[in-house]
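Enquirer: Okay, sequence plus prediction incoming.
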Amino acid sequence: HRCWSYLGRQSQGQQVSLRRDGCLFTDTVQHEVLHALGFHHEQVRSDRDDHVSILQENIRPGTEQNFAKQPTNNLGTPYDFESVMHYSKYAFSRNGEPTIVSKADPDMEFGSATTMSQNDIARVNALYQCDV
């Protein structure tokens, strides 16, 4: 991967990899910085099963960890299909079929945010107790 960061505070400091060839886009930079600030991907939220179905049969072998539900603190914000942290409906597909489907609207497309959503911003402000 060219674009990556670790999740949250690291004892030896935090590295964020944003290579010139493919990472220098607003959404990518925001996505990686949000990881560094401690945020998971939206589709692994603790409440994700209320909002999406993960179609394991379509996930490319060896990439299943990208869909493992986490015990997240959602900071009082709703599940957000517009989050810059949300994977696309076809992320890590082994067969061109969806790996993530909205329960409310199976035809919904998502995962193409070009900037942080209002909920992304609200989460950062809540977690870091920023004055808004």
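Expert: Noted; the coordinates are in hand.

Enquirer: ok, and for stretch 23-36, which residues are buried?
Expert: Across stretch 23-36, burial judged by 16 or more other Cβ atoms under 10 Å covers Cys23, Thr28, Gln30, His31, Glu32, Val33, Leu34, His35, Ala36. The C-beta positions use only the backbone N, C-alpha and C, and glycine is treated the same way.

Enquirer: out of everything not next to it in sequence, what's closest to Ile53?
Expert: No, residue 53 isn't Ile; it's Ser. Nearest in space to Ser53, with sequence neighbours left out and distances taken as Cβ to Cβ, 6 or more residues apart in numbering, is Val101 at 4.9 Å.

Enquirer: Can you give the strand pairings for the host helix or strand of the one you found, parallel or anti for each?
Expert: If you go by DSSP states H and E, Val101 is part of strand 100-102. Here strand 100-102 is paired, per DSSP bridges, with strand 52-54 (antiparallel).

Enquirer: what's next to the strand it pairs with, contact-wise?
Expert: Strand 52-54 is touched from outside by Gln43, Arg48, Phe67, Tyr79, Thr99, Ile100, Val101, Ser102, Lys103, with contacts defined as Cβ atoms under 8 Å, 6 or more residues apart in numbering.

Enquirer: now swap in stretch 108-118 and tell me
Expert: Here stretch 108-118 makes contact (Cβ under 8 Å, 6+ apart) with 25-27, 30, 34, 80-84, 86-89, 91, 100, 102.

Enquirer: Go ahead and confirm Arg9 touches His35.
Expert: No: look at Arg9 against His35 with Cβ atoms under 8 Å: they stay out of range, at 11.5 Å.

Enquirer: what about stretch 23-35, average pLDDT?
Expert: Computed over stretch 23-35, the mean pLDDT rounds to 95.

Enquirer: Just the terminal-to-terminal distance for stretch 10-29.
Expert: The first and final residues of stretch 10-29 sit 18 Å from each other (Cα to Cα, to the nearest Å).

Enquirer: which other residues reach that stretch?
Expert: By Cβ under 8 Å, 6+ apart, the list of residues contacting stretch 10-29 from outside reads 1-6, 32-33, 35-36, 84, 113-115.
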